[in-house]
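[1] next comes the sequence, and after it the predicted model I'd like to discuss.
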Amino acid sequence: MRIFGTRRTRAVVVALAAGSLVLTACGGNSDSGTKNDSKTQEDAAAQAEAVTYGDAKASTGPAAEVPGAKAGGTMTVFQEDDFSHLDPAQTYVSDGKLLDRLLQRGLTQFQEDDKGKLTVVGDLATDAGKATDGGKTWTFTLKDGVKDQNGSAITSADVRHSIERMYAPFITDGPTYIQNWLSGAGTTYRKALPDGPYKGKHLPDSVLATPDAKTVVFKFKDAQPDLPQALTMPGYALVPKKTDTKEKYDTAPMSTGPYKIADFKPGKSMKLVKNTNWDPKTDSVRHQYVDGFNIEFNHDDDDQTKTLLADRGEAKNTVMFTGQVSTNQVRNVVQDPAAKKRTIAGYAPYVWQLNFNLQRIKNKKVRDAIAYALPSAQVYKLDGGAYGGETATGLMSPTTPGYEKGYDPFGKLKKPNGDVEKAKKLIKEAGAEGQKLVYAYANTPVRQQQSVVIAKRLEEIGLKIVKKEIDQATWYEQVGKVDNGLDLYMTGWGQDWPSPSTVIPPSFDGTQLQDGSAVYSHINDPKVNSEIARIQKITDPAAAQKEWATLHRDIVERVNPAAPIYFTKVFQIFGSNVGGARYSSDSSYIDVTRLFLKK
């Protein structure tokens, strides 16, 4: 999953990217002047525990009551930008995921306990699914009483339609896991249903079957033990067949969750109200405590933090979605005991990395030199300091199963501000002194500040850097092009669910390389491709995890397609009248499913 922040607008297309982070209860250090109370990687490891699959009992609503919860009132939400997409099939960004937890439901969803442990339960389905044929066949039965906001009953035909419309050419930004599993990797799946379901054609029953109105059967060539987790993604949420307006659905989606859109002024505001056709008896995950949400756009992190820290008037009833305590306000928040009690924090699954365009930077010594040289500590201190991140040593986050603590091929733990001399030596050996590289960065304040630090360091080791600023609204659209004309550019990627299979294949499988894919380094290494295909067939999660870790090392050390910079954390503040606030291991931000107003 791309990290939110720098992303495309609805008029263009979306992505999940840079800017806002997720934070841990990590405290400041010398850069923030606060006592270091930050979470450790042991805390992050708790987020990487194996996910369990829930039965019918765990999937039966209503959701467990939140202690002290009260009904009523309208909650305010601050957002920096408008949502890139409202069509769930196009949603692959963190802010969109939070919105969809209120608006949309799919076959399954994550249920989270007070310690952050995740269980996959049935959402529209009666349970997390039943596997047969060694995990190649999965059967889901729909619950009774599930309806859309118009009161129409949800049937298996709607589920089938929701999957098949993911094949349509106008769906460009959502996940592709299930399409690939059903119909072939990379762009191959599009050929199976090039027009989606809109011209009367469907996937064959040998792949996706709906034997009756309540039953959905997925049939895969290979075992897919992670299907219940994949189905929790907003991209696979339900889109009712009779209300699907194709491209127009992106501006007016139908709700199946506890809230629906009552008013939307693009770029300005969005109002959510209760969906009266949502039945809590069918939902073991969500609540409907507040009467609605008023979402206000155009509040940057600094504005959000100052307003919530002051805690006056409507700010008392306000939360951030994907905003974070701004870097220059961290000290004020953590040194104010009353304010600190109104914060949540946690490790995020994202790794900020500087991608090398392998089609242009072909000398590995140059790539290695840059990886050694990058001043990671200086870079993340510009993005929240110790509350915003920590030096990254590889391309898998501490929250990802298979992460190897202490693995540090570029010596970042001993030299978090880089090894300039080693980098200079590699540049000289490569004969690359004076080599011109085009370095792109987004035009947000944080990325602009980071670009100064990064460009200065790369010039210091002997490279000539040509900086190119790109509008944040089109950031991922431009760097996501195969022919992007760029050499270096930062992206943030994190797991879609707790598994390396949602990190390594999307980012480093060369067979998926195409415009809009997450293969930002343009890696297309035969060994890596074949190893990904082999490991994806391993059905034992523990065995697969070891193989992914081995492949991760090979990618980092033998290929080096991207230089790790920093692991991300999230630190958010909310108003004093907000109840039920907690950090979510699933969304990596505030848990929006349980919020209420105290009075």
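    Cool, the structure landed. What you see is a predicted model; the values in this text were computed from it and never measured. Numbering: from 1, shown residues only.

[2] quick check: Arg190 is in a helix.
    Yes. Counting by DSSP: H, G, I helix; E, B strand; the rest coil, Arg190 is located in a helix.

[3] for it, list the residues it contacts.
    The neighbourhood of Arg190, defined by Cβ atoms under 8 Å, 6 or more residues apart in numbering, consists of Tyr167, Pro169. Quick note: C-beta positions are derived from backbone N, CA and C, even for glycine.

[4] how about the strands in the stretch 201-350 of the chain?
    208-212, 215-219, 259-265, 269-274, 292-296, 318-320, 343-356 (DSSP state E, counting those that start in this stretch).

[5] which strands and helices lie in contact with the last one?
    Under the contact criterion of 3 or more Cβ pairs under 8 Å, 6 or more residues apart in numbering; DSSP states H and E, strand 343-356 touches helix 41-47, helix 364-373, strand 488-494, strand 562-573.

[6] if we go to 7 Å?
    If you count contacts as 3 or more Cβ pairs under 7 Å, 6 or more residues apart in numbering; DSSP states H and E, strand 343-356 packs onto helix 41-47, strand 488-494, strand 562-573.

[7] can you say which of those is nearest to Glu296?
    Across the helices and strands packed on strand 343-356, Glu296 has its closest neighbour in strand 562-573 (16.0 Å, Cβ to Cβ).

[8] C-alpha coordinates for that closest one, PDB please?
    As requested, the backbone C-alpha atoms of strand 562-573 are provided in PDB (Å, rounded to 0.1, in the frame of the first residue of the first chain):
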ATOM      1  CA  ALA A 562      15.900   1.400  -3.800                       C
ATOM      2  CA  ALA A 563      17.800   2.900  -0.900                       C
ATOM      3  CA  PRO A 564      16.000   2.600   2.400                       C
ATOM      4  CA  ILE A 565      15.700   5.900   4.200                       C
ATOM      5  CA  TYR A 566      13.300   5.700   7.100                       C
ATOM      6  CA  PHE A 567      10.600   3.600   8.800                       C
ATOM      7  CA  THR A 568       7.500   5.500   9.600                       C
ATOM      8  CA  LYS A 569       5.500   6.200  12.700                       C
ATOM      9  CA  VAL A 570       2.300   8.000  13.400                       C
ATOM     10  CA  PHE A 571       1.500  10.500  16.100                       C
ATOM     11  CA  GLN A 572      -2.000  12.100  16.200                       C
ATOM     12  CA  ILE A 573      -3.900  14.300  18.600                       C
END
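
[9] partner strands of the helix or strand just after it and their direction?
    Note on strand 562-573: by DSSP states H and E, the next helix or strand toward the C-terminus is strand 578-579. Neighbouring strands of strand 578-579 in its sheet, by DSSP bridges, are strand 596-597 (antiparallel).

[10] next, count neighbours for Thr232.
    Using other Cβ atoms under 10 Å, Thr232 is surrounded by 26 other residues.

[11] next one: Asp586
    With other Cβ under 10 Å as criterion, Asp586 counts 21.

[12] can I assume Thr243 is in contact with Ala252?
    No. Under the criterion of Cβ atoms under 7 Å, Thr243 is not in contact with Ala252, lying 9.2 Å apart.

[13] settle it for me: which of the two has more neighbours?
    Set side by side, Thr243 and Ala252 show more neighbours around Thr243, with 15 against 12, by other Cβ under 10 Å.

[14] and the pLDDT for the nearest residue to Asp212 once chain neighbours are set aside?
    Distances taken as Cβ to Cβ, 6 or more residues apart in numbering place Ser156 nearest to Asp212, at 6.9 Å, with adjacent residues excluded. Predicted confidence (pLDDT) for Ser156: 98.

[15] quick check: the gap between Ser156 and Leu309.
    According to Cβ to Cβ, to the nearest Å, Ser156 and Leu309 sit 49 Å apart.

[16] rank the strands of the stretch 201-350 of the chain by mean pLDDT and give me the bottom one.
    Within the strands of the stretch 201-350 of the chain, confidence is poorest for strand 343-356, with a mean of 94 (mean pLDDT).

[17] ok, and what's touching the helix or strand hosting Asp100?
    Assigned by DSSP H and E, Asp100 belongs to helix 94-103. For helix 94-103, the external contacting residues (Cβ atoms under 7 Å, 6 or more residues apart in numbering) are 3-4, 16, 79, 83-85, 88, 91, 234, 237, 253, 255, 257-260, 272, 321-322, 587-589, 592-593.

[18] point out where the stretch 51-200 of the chain drops to low pLDDT.
    For the stretch 51-200 of the chain, the stretches flagged by pLDDT under 70 are 186-187.

[19] now the strands for it?
    Along the stretch 51-200 of the chain, the stretches classed as strands by DSSP E, counting those that start in this stretch are 52-53, 74-78, 108-112, 118-122, 130-132, 137-141.

[20] wait, which of these is closest to Gln224?
    strand 137-141 (7.3 Å).

[21] please enumerate the helices of the stretch 151-300 of the chain.
    Applying DSSP state H, counting those that start in this stretch to the stretch 151-300 of the chain gives helices spanning 156-164, 177-183, 227-230.

[22] what is the burial count for Cys537?
    Just so we're on the same page, residue 537 is Lys rather than Cys. Residues within reach of Lys537, counting by other Cβ under 10 Å, total 11.

[23] OK, contacts around it?
    Asp222.

[24] phi, psi for it please.
    Backbone dihedrals for Lys537, given as degrees, to the nearest 10, come out at phi -90, psi -10.

[25] would CSV of the helices of the stretch 151-300 of the chain with mean neighbour count and distance to Lys424 be doable?
    What follows is the helices of the stretch 151-300 of the chain, written out as CSV (neighbours: other Cβ atoms under 10 Å; distance: least, Cβ to Cβ, whole Å):
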stretch, mean neighbour count, distance to Lys424
helix 156-164, 22, 53
helix 177-183, 22, 43
helix 227-230, 24, 45
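
[26] out of those helices, flag the one nearest Gly434.
    Among those, the nearest to Gly434 by Cβ to Cβ is helix 177-183 (42.8 Å).

[27] tell me the pLDDT of Gln41.
    You'll see Gln41 listed with a pLDDT of 59.

[28] any idea which helix or strand comes after the helix with the most length in the chain?
    In terms of residue count, the longest helix belonging to the chain (DSSP state H) is helix 445-460. Counting by DSSP H and E, the next helix or strand C-terminal to helix 445-460 is strand 464-470.

[29] and that next one, which strands flank it?
    Strand 464-470 is paired, per DSSP bridges, with strand 436-442 (parallel).

[30] wait, Glu390 touches Phe567, no?
    Yes. Between Glu390 and Phe567 there is a contact at 5.4 Å, judged by Cβ under 7 Å.
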